[in-house]
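> below is the sequence, then the predicted model.
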Amino acid sequence: MKKPLTCIEDYRPPAWRMQTIALDFDLDVEQSWVSARLHVIQDPAQADVGLRLDGENVELLEIRLDGRVLASDEYRIEGALLFLDAVRGEAVIETRSRIRPADNKAMQGLYLSGGTEQGFLLSQCEAEGFRHITWSIDRPDVLARYTVTLRADRARFPVLLAGGNPDGAGELADGRHWARFVDPQPKPSYLFAIVAGRLAVIEDRHCTAEGRLVSLKIWAPAPLIARCRYALDCLKAAMLWDEQRFGRNYRLDVFHVVATDDFTMGAMENTGLNIFNSKYLLADPLHATDDDYRHVLAVVAHEYFHNWTGNRVTCRDWFQLCLKEGLTVYREQEFVSEQTSRTLRRIEDVRVLWRNQFSEDAGPLAHPVRPSQYSEINNFYTATVYEKGAEIVRMLATVLGRDGFRRGMDLYFDRHDGAAVTVEDFLAALGDANQRELSPWLAWYTQAGTPVLEAQGAFDAQTHCYTLELTQSFAPVATALPRQALPIPVALALFDAFGNRLKIERNGVAGDIDEAVILLDRPRMSLTFRHLDHAPIVSLLRGYSAPVRIAQRGDWADLVVLATHEDDGFNRWQAADGLIRHLFMAELQGDARGAPAFGAWMTGLRRAFDEADLDPATLAEMLTLADEITLGESLAEIDPPAIHAARSRLECSIAQALQTELLACYEQLAAASMAGAEPVAQGQRRLRNACLGLLCRADPQYHALAHRHFDDAVCLSDKLAALTCLVHGQALAAQNALDTFAADYSTAATVMDRWFSVQATLPTANALERVRALTRHAAFRWDNPNKVYALLLAFALRNPVGFHREDGAGYEFIADSIRRIDRITPQVAARLTTAFAAWRRYPPTLRERMHAQLMRLQEAAAMSADVTDILARSLAHADEDGSLRP
Ligand code: TRP
Ligand code: ZN
């Protein structure tokens, strides 16, 4: 199936709005009945446009217009639209329909989580799921006040929840009961949500700065509820932070959060009723790694922050998705930075950006942060919209300063509370509050592709001046339209050869400073720094001030100085990463160990182990090599076995060079207390596990250490780190450890996901056989997105050696899996299909085999719109003018 393209320039304001919507549900697992009462009002300026309602898989039983039942010739249903051509002006439309939750495997609309007997009902409406629940106007710029009444059997569905404030509940005949909710704030349909079933709860309260007492409740199936306490604490911290940092208060009386194992995405910000994939909600030391803890903190905050950035101020249309997602990711990143470690969070976020967004931006699925066309909107919840979207907001915050950005946000909320707006509205608010013209920034939202930043320096010993030429350019991408120069904030500092910071004195710029943020707002710019005795070392893009590629990371000797002395923690790591990439290239072409940079950097790292005030987590990051995807992404041609081999040899050389320090560090940290979830313990654990990983690389004799580590582990981070060492190192004890782990965690779904992933990412050509066998494991389910992601997506996206094996069997297996999953959850199948997108970048044999599978899928019958869209874009050729033709 192919959906037609929706284009941004075709946007028209809604001809009909809904003032109120009242929904009545009679809920049951196999079928549910939905009565909807819509009060619709026509835009007088569009008096010629008839009323149409959206609906999919909603069986219409009866429809009334202003109380009168309509005969079948008074309306018509064509595909997913119901036409009421005769209606004019203002009307009350009442429908009665039937939907089938248990059959809804696509997880859009109302569906069942868990089995028929024990499971509960829940809804997912973003982006266009509401039309799977009832006939209505399903677009984000139609905001209505919702009243929702739920009725169900009390024993089977003791808990009934909907967004908004509770507005009564009671008993009915035959063991049934009801509950009503009213959401006082008009909202778009994608934020509607209900939940019904047997769920346990934990509660707390938060008193907002405005003095409202809010009841906080987290709901989960009973066996999981004990693991929800951490999330509740995160929620309270997020509420407080949004009040203090952005002056934003929550304004309903209740805030519900529900955990489910059956969810296609991370979580959903429905007003007053957030719904979470349980992997982003559950956390206790035995069932969550330190990374899981951080993700829970981030996602709980993310969904809460949507209350203002997304819900109260929402998107005019789906092209503006970044308006809520990029901005909310930025807010979430700031929150987590302030709760944990700014340096660490930045390193992690940038690693994710480089791995996921840069590669997306360089392939056929590249699209602007605000796309201008889409066929299936569900395929645009991407790294570009989320992560690059957040980077744009970060740059704006850098340029406006903390206070200026806050002023801009205040104005944005003041102007647009209760409205559905655009990226232009956002930029206008930030600009107006600061008397600045921000329209040049729109180009960041409308141009795809990663900008390349080049810096060329020249020192003049006579004049003591250093001239730095900054240039921006673009690598060609599939959607190459005429390019406009972007405003790029370049934060930089100067160092001497001993790593001392130099004062910055610029020509024509008064005063001397330590750090400068230069706004490169044209193709090239020349800066002159004065009063220097020698050529300085330039530390570029401190804190990663812009999401650009650096063309040339500088001389390796300069990088060693920066990786040793830079006092911006992020840029210290960035220099270390630059060294690793330099060494990786040397290894790819020969032998890194022989390169002068190798010895110099090993000396640098050895000293880092002795540095008293170096944060252990940062050291761990400096020891962790860029992954194969990120390394491959920066090469013209991606040859997975060659990349894997070179990276492995480099890692092994580094591990052998540092063996003494790694072992000493490992043992010294073992003596410290390791159990807690507090940042210090987490940092130590991270370093210790990084040491263990490298030691196992250096010499298989350390598998014994990993084995002990596995047995002694008191938290999942340690257990999983040891398991990974054993399995990926193909240690004798690996299978034993896997079996023990599976026996210990057989009932913990999210932990079993990790068990599947460790095996799916085994970097050998025969990983496929193992993955295939694991699809028959009792804990694997084709209809559970988390399981598919943990096993199949991990294999396809994070196991280059296994997936890209020479004979193409990995491709064939994943293509077969896509066909199978597409009949269940198209959204999940579409994500799996993206594994083929970069096919043109691989060596000829692999390229042809990937292409063959894409063609096979394209020719297969009855594929979903979701997969069809990814296939079409992956196979399209870019024309000169940038438009895509099939
Ligand atoms: N808005 C959600 C977020 O916070 C994303 C999301 C959740 C979603 N469920 C979805 C998007 C289903 C598409 C389909 O990021
Ligand atoms: Zn979001």
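In hand now; what should we look at? Computed from a predicted model, the values in this text were never measured in an experiment. Ligands and ions are numbered 1, 2, ... in the order given.

> doesn't V182 lie inside a strand?
Yes. V182 forms part of a strand when assessed by DSSP: H, G, I helix; E, B strand; the rest coil.

> which outside residues touch the helix or strand containing V258?
Following DSSP states H and E, one finds V258 within strand 254-260. Strand 254-260 has contacts (CB atoms under 8 Å, 6 or more residues apart in numbering) with 113, 120, 122, 161, 165-166, 195, 199, 206, 214-221, 224, 228, 231, 235, 272-278, 281-282, 300, 303-304. From N, CA and C alone the C-beta is placed, and that goes for glycine too.

> in PyMOL, select just the buried ones from these.
Selecting the buried subset of the contacts of strand 254-260 in PyMOL, with 16 or more other CB atoms under 10 Å as the burial test, is done by:
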select buried, resi 113+120+122+161+166+195+199+206+214+216+217+218+219+220+221+224+228+231+235+272+273+274+275+276+277+278+281+282+300+303+304
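
> now narrow the contacts of strand 254-260 to whatever sits close to ligand 1.
Applying CB under 6 Å from any ligand atom to the contacts of strand 254-260, one finds that E303 fall near ligand 1.

> among the contacts of strand 254-260, which ones are in strands?
Among the contacts of strand 254-260, the ones falling in strands (DSSP state E) are 113, 120, 122, 161, 165-166, 195, 206, 214-220, 273-277.

> so which residues on this protein come close to ligand 1?
Within the chain, the positions adjacent to ligand 1 are 124, 126-127, 264-265, 267-269, 302-303, 325, 378, 381 by CB under 6 Å from any ligand atom.

> redo the residues you listed as CSV? Include distance to ligand 2 and secondary structure.
Rendered in CSV, the data for those read as follows (distance: CB to the ion, whole Å; DSSP: H, G, I helix; E, B strand; the rest coil):
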residue, distance to ligand 2, secondary structure
Q124, 13, strand
E126, 9, coil
A127, 12, coil
T264, 14, coil
M265, 9, coil
A267, 8, strand
M268, 8, strand
E269, 6, coil
H302, 6, helix
E303, 7, helix
E325, 5, helix
N378, 14, helix
Y381, 8, coil
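
> now those as TSV including pLDDT?
As requested, the residues of the chain next to ligand 1 are exported to TSV (pLDDT from 0 to 100):
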residue	pLDDT
Q124	98
E126	98
A127	98
T264	98
M265	98
A267	98
M268	99
E269	98
H302	99
E303	99
E325	99
N378	98
Y381	98
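
> which of those residues lies closest to R772?
T264 (23.6 Å; CB to CB).

> distance of the closest one from H302?
Distance, T264 to H302, by CB to CB, to the nearest Å: 16 Å.

> more crowded one of these two?
Set T264 next to H302 and count neighbours by other CB atoms under 10 Å: H302 wins out with 27 against 22.

> secondary structure element for the closest residue to that one other than its chain neighbours?
Nearest residue to H302 in three dimensions, chain neighbours excluded: E332, at 4.2 Å (CB to CB, 6 or more residues apart in numbering). E332 belongs to helix 321-339 when assigned by DSSP H and E.

> for whichever helix or strand comes after that helix, C-alpha coordinates in PDB please.
Following helix 321-339 in sequence order, the next helix or strand is helix 342-352 (DSSP H and E). Extracted C-alpha coordinates of helix 342-352, given in PDB (Å, rounded to 0.1, in the frame of the first residue of the first chain):
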ATOM      1  CA  ARG A 342      27.000  17.700  32.000                       C
ATOM      2  CA  THR A 343      30.200  16.400  30.400                       C
ATOM      3  CA  LEU A 344      29.000  12.800  30.400                       C
ATOM      4  CA  ARG A 345      25.600  13.600  29.100                       C
ATOM      5  CA  ARG A 346      27.000  15.600  26.300                       C
ATOM      6  CA  ILE A 347      29.400  12.900  25.300                       C
ATOM      7  CA  GLU A 348      26.600  10.400  25.200                       C
ATOM      8  CA  ASP A 349      24.300  12.600  23.300                       C
ATOM      9  CA  VAL A 350      26.900  13.500  20.700                       C
ATOM     10  CA  ARG A 351      27.800   9.800  20.300                       C
ATOM     11  CA  VAL A 352      24.200   9.100  19.500                       C
END
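
> helices or strands up against the next helix or strand after helix 342-352?
Downstream of helix 342-352, the next assigned helix or strand under DSSP H and E is helix 358-361. If you count contacts as 3 or more CB pairs under 8 Å, 6 or more residues apart in numbering; DSSP states H and E, helix 358-361 packs onto helix 628-633.

> what comes into contact with the helix it packs on?
351, 354-355, 358-359, 362, 581, 584, 638-640, 643-644, 647, 797-798, 800-801.

> any weak-confidence spans in the stretch 601-750 of the chain?
Scanning the stretch 601-750 of the chain for pLDDT under 70 picks out 671-675.

> closest approach to ligand 1 from it, which residue is it?
Nearest to ligand 1, among the residues of the stretch 601-750 of the chain, is T750, at 17.4 Å (CB to the nearest ligand atom).

> what does the stretch 251-400 of the chain put close to ligand 2?
Residues of the stretch 251-400 of the chain that fall close to ligand 2, judged by CB under 5 Å from the ion: E325, T328.

> now with 6 Å?
H302, H306, E325, T328 (CB under 6 Å from the ion).

> and which of those residues is nearest Y842?
For those, the closest approach to Y842 (CB to CB) belongs to E325, at 30.5 Å.

> what sits against Q42?
A15, W16, V49, L51, R88, G89, E90.

> at 6 Å what do you get?
The contact partners of Q42, taken as CB atoms under 6 Å, 6 or more residues apart in numbering, are W16, G89.

> okay, P482: pLDDT?
Note on P482: pLDDT of 67.

> I should have written Q320 there, sorry.
For Q320, the pLDDT comes out at 98.

> not counting its neighbours along the chain, what's nearest it?
Leaving aside its chain neighbours, Q320 sits nearest to T422 (5.3 Å; criterion: CB to CB, 6+ apart).

> just checking, that neighbour touches R316?
Yes. In this structure, T422 is within contact of R316 by CB atoms under 6 Å, at 5.1 Å.

> contacting residues around the helix holding E332?
241, 297-298, 301-302, 305-306, 309-310, 315, 345, 349, 369-370, 385-386, 389-390, 393-394, 423, 426.

> hang on, the earlier thing: who does the strand holding V258 pair up with?
Sheet pairing of strand 254-260 (DSSP bridges) gives strand 213-220 (parallel), strand 273-277 (parallel).

> now the first one: how far from the chain's centre is it?
Its chain's average C-alpha position is 25 Å from that of strand 213-220, according to CA atoms, centre = their mean, to the nearest Å.

> C-alpha coordinates for that strand, PDB please?
The C-alpha trace of strand 213-220 is given here as PDB (Å, rounded to 0.1, in the frame of the first residue of the first chain):
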ATOM      1  CA  LEU A 213      -1.500  19.900  45.000                       C
ATOM      2  CA  VAL A 214      -1.000  17.200  42.300                       C
ATOM      3  CA  SER A 215      -1.600  13.600  42.900                       C
ATOM      4  CA  LEU A 216       1.100  11.500  41.100                       C
ATOM      5  CA  LYS A 217       0.400   7.800  40.300                       C
ATOM      6  CA  ILE A 218       2.300   5.200  38.500                       C
ATOM      7  CA  TRP A 219       0.400   2.100  37.300                       C
ATOM      8  CA  ALA A 220       1.800  -1.200  36.300                       C
END
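
> if we can go back for a sec, tabulate the strands paired with strand 254-260 (JSON lines), appending mean pLDDT.
As requested, the strands paired with strand 254-260 are exported to JSON lines (pLDDT from 0 to 100):
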{"stretch": "strand 213-220", "mean pLDDT": "98"}
{"stretch": "strand 273-277", "mean pLDDT": "98"}
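
> what sits against L396?
If you count contacts by CB under 6 Å, 6+ apart, L396 has none.

> let's see 7 Å
Contact analysis of L396 by CB atoms under 7 Å, 6 or more residues apart in numbering lists F405, L430, W441.

> poorly predicted segments of the chain, please.
By pLDDT under 70, the weakly predicted segments of the chain are 476-482, 510-512, 553, 671-675, 878-886.

> give me the neighbour count for whatever residue of the stretch 501-650 of the chain ends up closest to ligand 2.
Using CB to the ion, P547 is the residue of the stretch 501-650 of the chain that sits closest to ligand 2, at 18.5 Å. Close neighbours of P547, defined as other CB under 10 Å, add up to 25.
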